[in-house]
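A.B. asks: Just a sequence and a predicted model for now, questions to come.
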Amino acid sequence: MPGLGTVANLHRFILFDLTTSLGFDLTRAVTCAVLILVLGRLFWRHCGVPRGGPPSNHRSTSWRSRPRTVDNDDVKIVSLLPSATEIVFALGLGEDLRGVSFECDHPEPARSVPVVSGTALPTDGSLSALEIDAEVSARVAAGESIYTLDDARIRAIDPDLILAQDLCQVCAVPSGAVEEALDVIGCHAQVVSLDPSRLDEVIACIGTVGRRQAPARPQTR
């Protein structure tokens with residue numbers, strides 16, 4: 001204020017800031033924290049899988065009809081995509097995982113599981129990003145897959161359940177290709193395609209795998 005010294009004006013400014021902007025911000029922060037605590041649980045309940053499983057028209061997973069009935073006491077799982085492998089371990093079902101793709105490297109125990117799916121492209125770093133893109137495009141245009149399945153190893157494992165996907169033809173082995181391979185090698189595993197496109201469908205995929213397997217093994221802490 002005119003006529004007051006520097007110290008007096010600074011003192012008034014500090015008091016003004018404490019009683020206006022800081023007070024407003026503090027009130028807003030407290031209000032947001034309370035709303036998060038109160039409404040957060042309701043939000044996650046809304047996003048979670050409803051009791052009894054997802055509705056019949058849910059798109060995040062699709063089960064292939066095959067004659068084998070899975071016995072939850074001794075289930076052999078093969079995962080053909082990294083996210084499914086992480087779900088299996090997160091649910092405490094790592095002991096049931098018998099095969100993975102070459103891309104499944106997390107968590108650490110997944111690295112010791114036999115690899116049943118590889119790639120037709122070089123993995124030694126000899127191709128540039130542009131060359132990889134060109135090779136993938138050429139194979140897709142020719143109707144060829146960029147992924148391979150180890151038929152002999154899958155036949156030896158004789159899995160009960162195979163986790164695959166249909167969202168991306170060049171991201172992992174499509175479930176349709178898995179079906180064709182199983183018919184050739186005479187394996188009667190059930191194939192579940194995990195195809196989430198929204199957050200709630202991701203949660204539903206976790207619930208699908210958990211409801212299928214987890215009841216057989218009580219969780220230990």
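C.D. replies: Perfect, I can see it now.

A.B. asks: and residue 178, what is it in contact with?
C.D. replies: Taking CB atoms under 8 Å, 6 or more residues apart in numbering as the definition of contact, the neighbours of residue 178 are 80, 149, 162, 164, 191. (Each C-beta comes from the backbone N, C-alpha and C, glycine too.)

A.B. asks: and if we set it to 10 Å?
C.D. replies: Contacts were defined as CB atoms under 10 Å, 6 or more residues apart in numbering; by that measure residue 178 touches 64, 78, 80, 117, 147, 149, 154, 162-166, 172, 187, 189, 191, 193.

A.B. asks: For PyMOL, write a command that selects the buried ones of those.
C.D. replies: Buried members of the contacts of residue 178, identified by 16 or more other CB atoms under 10 Å, are gathered into one PyMOL selection as follows:
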select buried, resi 64+78+80+117+147+149+154+162+163+164+165+172+187+189+191+193
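
A.B. asks: Could you list which of the contacts of residue 178 belong to helices?
C.D. replies: residue 154 (DSSP state H).

A.B. asks: Could you list the low-pLDDT ranges of this structure?
C.D. replies: Along the chain, segments meeting pLDDT under 70 span 1-4, 9-26, 32, 34-35, 37-73, 212-221.

A.B. asks: the strands in it, which residues?
C.D. replies: For the chain, strands defined by DSSP state E occupy the ranges 61-63, 77-79, 97-101, 115-119, 147-149, 161-164, 190-194.

A.B. asks: Including distance to residue 176, could the ones you listed go into CSV?
C.D. replies: Formatted as CSV, the entries for the strands of the chain read as follows, by distance: least, CB to CB, whole Å:
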stretch, distance to residue 176
strand 61-63, 11
strand 77-79, 16
strand 97-101, 16
strand 115-119, 14
strand 147-149, 12
strand 161-164, 9
strand 190-194, 9
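
A.B. asks: For residue 205, find the nearest of these.
C.D. replies: The minimum distance between residue 205 and the strands of the chain falls on strand 190-194, with 4.6 Å, by CB to CB.

A.B. asks: other SSEs contacting that closest one?
C.D. replies: Based on contacts counted as 3 or more CB pairs under 10 Å, 6 or more residues apart in numbering; DSSP states H and E, the elements that strand 190-194 packs against are strand 61-63, strand 77-79, helix 82-90, strand 161-164, helix 175-185, helix 199-213.

A.B. asks: between that strand and helix 175-185, what angle do the directions make?
C.D. replies: Counting by axes from the mean of the first three to the mean of the last three CA atoms, to 10 degrees, strand 190-194 points 170 degrees away from the direction of helix 175-185.

A.B. asks: quick one: strand 190-194 to helix 82-90, angle?
C.D. replies: Angle, strand 190-194 to helix 82-90, by the same axes, to 10 degrees: 110 degrees.

A.B. asks: can you give me the angle strand 190-194 makes with helix 199-213?
C.D. replies: Between strand 190-194 and helix 199-213, the angle formed by their directions is 160 degrees, by the same axes, to 10 degrees.
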